[in-house]
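Chemist: output the structure for:
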Amino acid sequence: MDQIGSLESYLHDCAKKVQSDSSKGVLGKRPAPSSDRGALLPTVKKLAVAQSVEFAAPGVKLVEQSFSQSSGVSYEQRTGSGQLVASFTPRNTPAAVEPIPSTPGRTSRCTISYDDPEFPNIFLPYRFMYTSIEERAIALERHHLHLQKVMCSAHGIAEDSLQPVGSPSQELVWCSGRICSENPEGRINMESILLEGSRKESGGRRVSLDLKEVDTHFSVFPGQIVLVQGINSSGRTLVAKRIIDGTDPPKRLDIGSRSGNVHIMMASGPFTTSENLDYQPIRDFLGLALSKSPDVIVLCGPFVDVSHPKLNEGSVFMEFDDGTSVPASYETVFIRKIVKECLESFYDDSEGPMPHTQIVLIPSLLDGHHECVYPQPPFGDREAVKTTFIDTDIGSIQFPHSKGREKKVHLLSNPCMFEIDGFVFGVATNDILFSLSCDEASLKLGGNRLPYLASHLIRQNSFAPQFPVPPAVVGQLDWRQAKHWSLNMMPDFLLLPSKLNPIAKDYNGSLIVNPGLLTKGKSGGTFLEMKVLPNEAGKIENVSDFVHAVIKRI
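Modeler: Numbering: from 1, shown residues only. I've put the predicted structure just below:
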């Protein structure tokens, strides 16, 4: 971390110069942060089993200004830590997840891979904001025609028998189209549903879609590709009798020798409460992970949440021992609080031998220090910037243990797919469940509709099934990179962090999980722990038959 040290020295000199100039009347002096403006945050803490142990980092602290606090129980005063929130087992009964014994003489027990050509992962940053309208239209059309083909094949419908949308017919016909809303600024409802045909077969024509006579449960949202069987006697309104809302992508045929015995923990940001930037919740989570010794920890952003009150107001400063201070950037917060206090402490400063656990880091569109575009490239060293005031280049984050054949920290994109000992995981850190719940019309679903919302991603073969993108979504889609949010393989585990209620549900032999968020406002949230049990009879085909999953309060 030589670059960080050089940068801190430069900032220290600048801060001293500002105070010197202010004493001469050149500039107004920034008051030193005091106890009534915010708490001083220790720079680095090393992790011990199920607890945090502080050690000194002389010369620099992170300081936050105070702000009006919301009501509720604070993180330190929370109750119910470790309480079971949701669970999944093959027998639908709660079961504790016990750590898997370490294998003597090995530094890692499982294999993580993410270079399969069927995975949508993106590995490098790319230029965005240069996509033309024509490129967007081509990408939308390509996805429409792809889903149309696979849906017709799955349901035994001849693709050449499909009728153009808007073509009058007194008989039952099949049409293919995209769900749209008559009112693009309001929520879709049963009276405002339109069906838009493809440019190739229907010239992009739209008609009203009447779903009142559909006698099965369904859920529709803007952007969804569907097959509709119905009558369009006038050419303006299609009265639907049946609707097909997608189809599952194929499962991996070669499942190798996956026999289970994999232990995984997962947490999703924000990783600190809205009261401060001490990141105590993630340190508590990693301390718990040290005691349980899982094979893999999956950490999903945001790590530096731009919606956090202190970061949003720019009220974070780096304070030096002599009382001088300068504003701290998003990158500084990420390096200090995540890279040094969490990753480095987890591996290098924990008691006993280095943990065999591997960590997967996945960014979020709310991460202030990272690109805000979807699909989102993985974390990594940025392009080096040479300056005249620092000997070393700026821009290198230097993630510990993230290089080499035996690396333990894996940096993946958002969305991403990866394998752990042959089991396929799909992850998207955007709150897609909440976004879908805010703009969908459904009938006769009954029960908990969250699993049905999650299944839309699978049946639409996409990590970004909505179009247009809802206004509440922070990042925008780069349609040049549409292939990098495709879902062309059925995942064994689909992990979708959301502010909605945590769930763990079976879907056609796979497991759909919303682990919840590690913090909620000023209090704690939830995390996921699961274990794929070994199958003594041989390979595991449906993971839902052999997985125990629990979602607990931090």
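
Chemist: what sits against the spatially most central residue of the chain?
Modeler: Against the mean C-alpha coordinate of the chain, by Cα atoms, centre = their mean, the closest residue is Thr429 at 1.1 Å. Counting by Cβ atoms under 8 Å, 6 or more residues apart in numbering, Thr429 makes contact with 268, 300-302, 362-365, 414-415, 497. C-beta here means a position set from N, CA and C on the backbone, and glycine is covered the same way.

Chemist: quick check: it vs Val474, distance?
Modeler: The span separating Thr429 from Val474 equals 11 Å under the rule Cβ to Cβ, to the nearest Å.

Chemist: and if you look at Glu529?
Modeler: With the distance defined as Cβ to Cβ, Glu529 ends up 29 Å from Val474.

Chemist: do the same with Phe271
Modeler: Applying Cβ to Cβ to Phe271 and Val474 gives a distance of 18 Å.

Chemist: go on, Leu343?
Modeler: Counting by Cβ to Cβ, the gap from Leu343 to Val474 is 25 Å.

Chemist: which one of those two has more residues nearby?
Modeler: Leu343 (20 against 16; other Cβ atoms under 10 Å).

Chemist: shared neighbours of Thr429 and Val474, anything?
Modeler: Applying Cβ under 8 Å, 6+ apart, one finds that Thr429 and Val474 are jointly contacted by Leu365.

Chemist: pull the helix or strand with minimum mean pLDDT from this protein.
Modeler: Lowest on mean pLDDT, DSSP states H and E among the helices and strands of the chain sits strand 51-54, with a mean of 35.

Chemist: number of nearby residues for Asp245?
Modeler: 20.

Chemist: before we move on, what about Cys438?
Modeler: Look at Cys438: counted by other Cβ under 10 Å, it has 14 neighbours.

Chemist: mind checking pLDDT for it?
Modeler: Looking at Cys438, its pLDDT stands at 88.

Chemist: for it, what are its contacts?
Modeler: Contact analysis of Cys438 by Cβ under 8 Å, 6+ apart lists 187, 470, 472.

Chemist: list just the nearest of these to Lys292.
Modeler: For those, the residue nearest Lys292 by Cβ to Cβ is Ala472; the value is 35.8 Å.

Chemist: now do the SS call for the closest one.
Modeler: Under DSSP: H, G, I helix; E, B strand; the rest coil, the three-state class of Ala472 is coil.

Chemist: got a pLDDT number for it?
Modeler: 70.

Chemist: check Pro468 too.
Modeler: We have a pLDDT of 89 for Pro468.

Chemist: try Gly323
Modeler: 69.

Chemist: same check on Ser462?
Modeler: For Ser462, the predicted pLDDT is 96.

Chemist: what's the neighbour count on it?
Modeler: 26.

Chemist: Ile282 is in contact with Cys342, isn't it?
Modeler: Yes - using Cβ atoms under 8 Å, Ile282 is in contact with Cys342, at 5.9 Å.

Chemist: quick check: the residue nearest to the centre of the chain vs Leu517, distance?
Modeler: Note on Thr429: its distance to Leu517, by Cβ to Cβ, is 11 Å.

Chemist: joint contacts of those two?
Modeler: Counting by Cβ under 8 Å, 6+ apart, the residues touching both Thr429 and Leu517 are 268, 497.
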